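Student: Sequence first, then the predicted structure, then my questions.
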Amino acid sequence: MRINCALRPFDLQRLVTILLIFLLIIFVLFPVFRILLYPKLKDYMIMLSHPGSIRAIKHSFFIVPLSTLTVLCLGYIFAYAQHYTNMPGKKIFKFLALLPILSPPFIIALSWIMLFGPHGFITNFLGIRWNIFGWRGLWMVQSIAFFPYAYLLITGVLEGIDSNLEFAAGNLGAKGLRTFWSITLPLSSPGLVNAALMVAIYVFADFGNPILIAGGWSVLPTEIYRRVIGYNDLKGAAALCAVLLVPTLILFLAARKGLSSRSYVTITGSAIQTEKPLVGGITKWLLFGFCSFFSLLILLVYGTLAVGAFTETWGINWSFTLKYWRVLRGSSGLSNSLLLALLAGLGASFFSLFASCFIYKRRFVGKQFWDFITLLPTAIPGIFLGIGFLLAFNTPPFVLTGGLVIMVLSLLVWNIPLAYQANIAILEQIGPEIEEAALNLGASPMRVFGNITVPLLRTSLLSSFTMGFLRAATNLSIIIFLISPGRTTATVQILASVRYAELGIAAVLATVLFALALLIVGIMYFLTKKSMDMFVGVR
C-alpha cells in the first residue's frame, strides 16, 4: 500500500499557523514572562521602596501628562490650521511637521544641547542663560519629538468630520468660536483621546531624550538603565521594567479598544461632503504665524545638526572643517545599523504577511488571543524588550547574546505590529469574492495566497519594510542592552559622542542617519506615491 506523505493545503495552512504561534511564544511571550518572573517578590518590594525608584516613578507620572497635553495642543492647532484655513504654504508646513518621525527622537535633545547648552549657539550669541538640563528641557524636547504622531491622528479625524454640520451651525447663527466649541471640537474628540493614549505610551517609554537632556532628573527608563549599567542590578532593573510595563499596557489596551470601537456618526451613506468652513481674518494669520514659528523651530533643530557636522569646535571655534566626517571611514556603527535595519525590516514584513493571512484572516480557537499577542510589542517599551531579550536568550537552551542575531530578532519583534496593522488595513479593503472565485476555479488556498493576496499587499509590505527599516536604524533603547564589543551601532555611537562632548561626531552621524531616512522615504514615495503620513506606528 502506498502512503501519500504530501501535506494537504488545509494541513499546510494549519502548519504555518502553528509555526507562527510558536515563534510568538518564543520571541514575544517568553521575554515578557522572563523579565516578569526574574525578580523575586522581595526584589519588587526593595525596588518599590527605594528612594531612587520612587523618585523616578513620580517624575515619569509628572512628565507624561505634561508632555502629552502639550503635544495634543500643538498637534490640534497644526491640524486645524491645515483643514480650516487657506493660508499659504500648507504643504511645506505638513512636510516639515513630519520630519521628526524620520529621525531618532533623541536627535531633538542633541540639537537642543547644541542650541541651549553651556556652549550652545543661542546661549553664546544671544546671551540667554538657561539650564536646559532637567524636566523643562525634557518637556520641550518631547513636545517636538512626538508632535507628529498627535498631528497625524487628529488630522485624520478632522478630515472625516462632516462639514455640513458646521455649515448648518453657522446658518443657525453659531459663528466662529461657538461652532468650534459646539461642533468641531466634540466631533474630533475621538482623535484627541486616541492621540493622547498613543503619545503617552511613547513618552512613558522614551529613553533617548531623558538620558541626554534630563540630567539628574531621572525617569523610569533612565533609572532602569542606571540599574543595569551602573549597578549591574538586573533584578532591580527587571522589577522596574515591570512597573514601566503596567501603564503602557493599560494605555495600549485603552487605545486598542477605542480604535476598534471608533465610529464617526457624521459619515453616512447619504452625506455629501463639502469644503470645510474656513476661518479668516486675524485667526487665519495667527494660525499661519503659529505654523511658521513651529516649522522654523523644526528647521532650526535639523539645521543645527547639519552645521555642527562642519564646525571645528561647537560653541568655541566656528571654523569650517571636514575632520568629523572621517568617522564614516569604515564606521562599523553605521554599517551595523544599516545591516540590522535591513534584516529587521525584511523579517518584520515577511512575518506580518504570514501572520495577517494565517492568524488574522483564519478562524480557529484562540485567534483573538494570538491576534492580541502579535500586536503586544506596541505596548512594550523598547527598554523592556531589550532587557527581556537579554535575560531570555543569555542562558541555555537559547544562547544568542554576543552577536547580531539577537539584535535583529529584537528589532524585528518590535516592528511586527506596524507591519501587521498595515497589512490588516489592506486586507479589510479586499472583498472575499476575489479569493472565493479563485478557490472555485480550483486554486489551492496556498496558491490563492501566493498569486492573489501577496500581490495585493505589496504596497503595505513595501511601506512596512520602510518604516521597519527606519525604526530599526534609529533605535537606541533596545540595542543599548544587546550590543557587544565590535557590534556597536550609529545610535550608540551618537550617545557616546555626546557624553564625551564630541558634538561634531554626533552631528555627523545624526545628519547621515537623517539623510538616509529622507532618501528611503523619497524612494518609497516614488514607488508607491504614498506620503509620509502612512509611516506612523498608529492605526
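Tutor: Yep, it's here. No experiment lies behind these values; they were computed from the predicted model shown.
Student: Which positions within stretch 367-380 qualify as buried?
Tutor: Within stretch 367-380, the residues scored as buried using 16 or more other C-beta atoms under 10 Å are Trp370, Asp371, Ile373, Thr374, Leu375, Leu376, Pro377, Thr378, Ala379, Ile380. From N, CA and C alone the C-beta is placed, and that goes for glycine too.
Student: Could you do stretch 189-205 as well?
Tutor: 190-205.
Student: so can I have TSV of the buried residues of stretch 367-380 showing pLDDT?
Tutor: Putting these into TSV (pLDDT from 0 to 100) gives the following:
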residue	pLDDT
Trp370	91
Asp371	90
Ile373	93
Thr374	92
Leu375	90
Leu376	91
Pro377	92
Thr378	88
Ala379	88
Ile380	91
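Student: ok, of these, which one's closest to Phe180?
Tutor: Using C-beta to C-beta, Thr378 comes nearest to Phe180 of those, at 32.5 Å.
Student: got the contact list for the residue nearest to the closest one when sequence neighbours are not counted?
Tutor: Spatial nearest neighbour of Thr378, chain neighbours left out: Pro417 (4.3 Å); criterion: C-beta to C-beta, 6 or more residues apart in numbering. By C-beta atoms under 8 Å, 6 or more residues apart in numbering, the residues touching Pro417 are Thr374, Leu375, Leu376, Pro377, Thr378, Gly537.
Student: Nearest to Gly156, out of the buried residues of stretch 367-380: which one, please.
Tutor: Checking the buried residues of stretch 367-380 against Gly156 with C-beta to C-beta, the nearest one is Thr378 at 18.0 Å.
Student: Let me know whether that closest one touches Phe252 as I believe.
Tutor: Yes. Thr378 is within contact range of Phe252, at 5.9 Å (criterion: C-beta atoms under 8 Å).
Student: Are there residues contacting both of the two? Which ones?
Tutor: Common neighbours of Thr378 and Phe252 (C-beta under 8 Å, 6+ apart) are Ile201.
Student: tally of neighbours for Arg326?
Tutor: 11 (other C-beta atoms under 10 Å).
Student: what do you get for Thr283?
Tutor: 17.
Student: Repeat that for Leu456.
Tutor: 15.
Student: what's the answer for Lys235, then?
Tutor: Based on other C-beta under 10 Å, the number of other residues close to Lys235 is 17.
Student: check contacts around it.
Tutor: Contacts of Lys235 (C-beta under 8 Å, 6+ apart): Tyr38, Pro39, Lys40, Asp43.
Student: redo that, cut-off 7 Å
Tutor: Listed by C-beta atoms under 7 Å, 6 or more residues apart in numbering, the contact set of Lys235 reads Tyr38, Pro39, Asp43.
Student: Shouldn't it be within a helix?
Tutor: Yes. Using DSSP: H, G, I helix; E, B strand; the rest coil, the assignment for Lys235 is a helix.
Student: Return the distance of it relative to Leu286.
Tutor: 54 Å (C-beta to C-beta, to the nearest Å).
Student: Please apply the same query to Leu234.
Tutor: 52 Å.
Student: Mark which of the contacts of Pro417 are part of strands, please.
Tutor: Under the assignment DSSP state E, the contacts of Pro417 contribute nothing to strands.
Student: closest to Ile483 among the residues you listed?
Tutor: Nearest member of the contacts of Pro417 to Ile483, counting by C-beta to C-beta, is Pro377, at 20.1 Å.
Student: And the buried residues of stretch 367-380, which is closest to Arg458?
Tutor: Checking the buried residues of stretch 367-380 against Arg458 with C-beta to C-beta, the nearest one is Thr374 at 20.6 Å.
Student: burial of the residue lying closest to Gly215 once chain neighbours are set aside, as a residue count?
Tutor: Excluding the flanking residues, the one nearest Gly215 by C-beta to C-beta, 6+ apart is Phe133, at 3.7 Å. Per other C-beta under 10 Å, the neighbour tally for Phe133 reads 18.
Student: Tell me the predicted confidence for Phe133.
Tutor: With respect to pLDDT, Phe133 has a value of 90.
Student: Pull out the buried residues from stretch 113-133.
Tutor: Neighbour counts using 16+ other C-beta under 10 Å place Ile113, Met114, Leu115, Phe116, Gly117, Gly120, Phe121, Ile122, Thr123, Asn124, Ile132, Phe133 of stretch 113-133 among the buried residues.
Student: Done for today, thanks.
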